[in-house]
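> sequence first, predicted coordinates after that:
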Amino acid sequence: MPQKKAPNLARHKISISTQKYLDIAEIKEDTVILRDGSLRAVILVSSINFALKSEEEQNAIISAYVSFLNNISFPLQIVIQSRELNIENYMETLKQKEKEQTNELLKMQTAEYIQYISELISMSKIMNKRFYIVVPYNLFSDTQKGFFSRFIDVFKPTTLIKMKEEKFLRRRIDLTHRVEHIIGGLNSVGLNAIQLDTQGLIELYYNSYNPTTSANQNLADVNQLRFNN
């Protein structure tokens, strides 16, 4: 009997791009537009060393944080990212300063400092931790969907919804009010917070989806890009 040939998996081409499964449709005007028509703003938040605070200060921070949470009427997403810190540009700046230094003592100290940093990096990775709060705005909340509808959405590519500029601006105003409310609440806790602009959002999502590539390839500033009409 003739033997059946095993199916060649290489012949089956992938017909659906991975990008179709990403929720992001567009990033503009400091806002992320998702494919379901909802919006997102991202706030970069500073940190505080809670352990170094006095007991009175700790109690004040906790009280302010509880008040902040009680005044929120919409969901938030807290994201913590740990990344290996890339200090190549910093090292290049130090080397350039060493070359330009006319004082021999300072030049020698700069060289020793560069050597110290190089040895420190070779022994262990220097990690950078950043804290983000994602503020959503969805006119049609997922809570209005049934369980079956939300379950099906997980296994199908998201469909792109084109949002008219007028509708986008109207929803963005409501999102901005939420962002201002969150930043004000964080300031009351003693935290500095700033909303990421368009360039910051692009870099954040690019680094998140491409952690290996982003370490060796920097993105161009979106304000410096030229578009052909």
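Sure thing, it's come through.
> and stretch 87-104, what's buried?
For stretch 87-104, burial by neighbour count (16 or more other CB atoms under 10 Å) applies to 94, 98. C-betas here are computed from N, CA, C, even on glycine.
> can you show me the strands along the chain?
Remark: strands assigned in the chain by DSSP state E are 24-28, 31-34, 39-45, 77-84, 127-137, 193-195.
> CA atoms only for the fifth one - export them in PDB, please.
As requested, C-alpha coordinates have been extracted for strand 127-137 and formatted as PDB (Å, rounded to 0.1, in the frame of the first residue of the first chain):
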ATOM      1  CA  MET A 127      17.400  47.800  36.300                       C
ATOM      2  CA  ASN A 128      15.100  50.700  35.900                       C
ATOM      3  CA  LYS A 129      11.600  50.400  37.400                       C
ATOM      4  CA  ARG A 130       8.700  52.700  36.200                       C
ATOM      5  CA  PHE A 131       5.200  53.000  37.400                       C
ATOM      6  CA  TYR A 132       2.200  53.700  35.100                       C
ATOM      7  CA  ILE A 133      -1.500  54.300  35.500                       C
ATOM      8  CA  VAL A 134      -3.700  53.600  32.500                       C
ATOM      9  CA  VAL A 135      -6.900  55.700  32.500                       C
ATOM     10  CA  PRO A 136      -9.700  54.300  30.300                       C
ATOM     11  CA  TYR A 137     -12.700  55.800  28.700                       C
END
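> averaged pLDDT, it. What do you get?
Rounded to a whole number, the mean pLDDT of strand 127-137 is 90.
> list the buried residues in it.
Under the neighbour-count criterion of 16+ other CB under 10 Å, strand 127-137 has 132-133, 135-137 buried.
> how many neighbours does residue 26 have?
14 (other CB atoms under 10 Å).
> redo the strands of the chain as TSV? Include distance to residue 209.
What follows is these, written out as TSV (distance: least, CB to CB, whole Å):
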stretch	distance to residue 209
strand 24-28	9
strand 31-34	13
strand 39-45	14
strand 77-84	12
strand 127-137	15
strand 193-195	21
